[in-house]
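Peer 1: make a model of this:
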Amino acid sequence: MSTKPQRDEEGNASAIVLMLSEAAATIFEEWIRDNDGAVREAAGLYKGFLGKLRDVVLRLALVAELLAWAAGNGHEPTTISAATLVGVLGFVDDYAKPSAVRVFGDAALPLSERNAAALG
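Peer 2: This is a model prediction of the structure:
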């Protein structure tokens with residue numbers, strides 16, 4: 001890719017799109033299935049948090065890919081690599097999700113567990 005902005009037919013600058021590599025897309029689809037299962041089981045604020053993670057993961061992966069390129073001497077990326085996506089998913093699954101559960105507290109519990117706690 002060139003460092004000059006891409007232009008459309010009228011000469012206006014247009015966005016450069018970085019898609020997931022094939023390997024990254026496969027990993028992301030698998031993660032989506034797992035995350036969607038967690039969304040179905042979650043409740044309240046935590047459910048909303050989990051529901052937004054698809055977009056958050058993609059945005060973080062894009063930023064991480066571009067930061068890695070900016071810090072190095074390589075060519076401008078044309079895709080988001082599987083390694084970058086795996087790193088972002090590790091952050092989300094190992095840090096962001098557990099942190100959200102702690103922040104949301106009881107609101108992260110499914111309704112049946114909140115009701116059981118209230119009865120107890």
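Peer 1: which helix or strand in the protein has the lowest average pLDDT?
Peer 2: Lowest on mean pLDDT, DSSP states H and E among the helices and strands of the chain sits helix 111-119, with a mean of 68.
Peer 1: off-centre distance for the helix ranked longest in the chain?
Peer 2: For the chain, the helix with the greatest residue count under DSSP state H is helix 44-71. Put simply, helix 44-71 sits 3 Å off its chain's centre (CA atoms, centre = their mean, to the nearest Å).
Peer 1: what residues does stretch 47-55 touch?
Peer 2: Residues from elsewhere that reach stretch 47-55 (CB atoms under 8 Å, 6 or more residues apart in numbering): 32, 35, 38-39, 42, 92, 96-97, 100, 104. All C-beta atoms are positioned from the backbone trio N, CA, C, and that covers glycine.
Peer 1: list only buried entries from these.
Peer 2: 35, 39, 42, 92, 96-97, 100, 104 (16 or more other CB atoms under 10 Å).
Peer 1: got those as JSON lines, with secondary structure, distance to Thr78 and pLDDT columns?
Peer 2: Compiled in JSON lines, the buried ones among the contacts of stretch 47-55 are given as follows (DSSP: H, G, I helix; E, B strand; the rest coil; distance: CB to CB, whole Å; pLDDT from 0 to 100):
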{"residue": "Asn35", "secondary structure": "helix", "distance to Thr78": "26", "pLDDT": "95"}
{"residue": "Val39", "secondary structure": "helix", "distance to Thr78": "32", "pLDDT": "92"}
{"residue": "Ala42", "secondary structure": "coil", "distance to Thr78": "36", "pLDDT": "85"}
{"residue": "Val92", "secondary structure": "helix", "distance to Thr78": "24", "pLDDT": "98"}
{"residue": "Ala96", "secondary structure": "helix", "distance to Thr78": "27", "pLDDT": "96"}
{"residue": "Lys97", "secondary structure": "helix", "distance to Thr78": "30", "pLDDT": "94"}
{"residue": "Ala100", "secondary structure": "helix", "distance to Thr78": "33", "pLDDT": "92"}
{"residue": "Phe104", "secondary structure": "helix", "distance to Thr78": "38", "pLDDT": "82"}
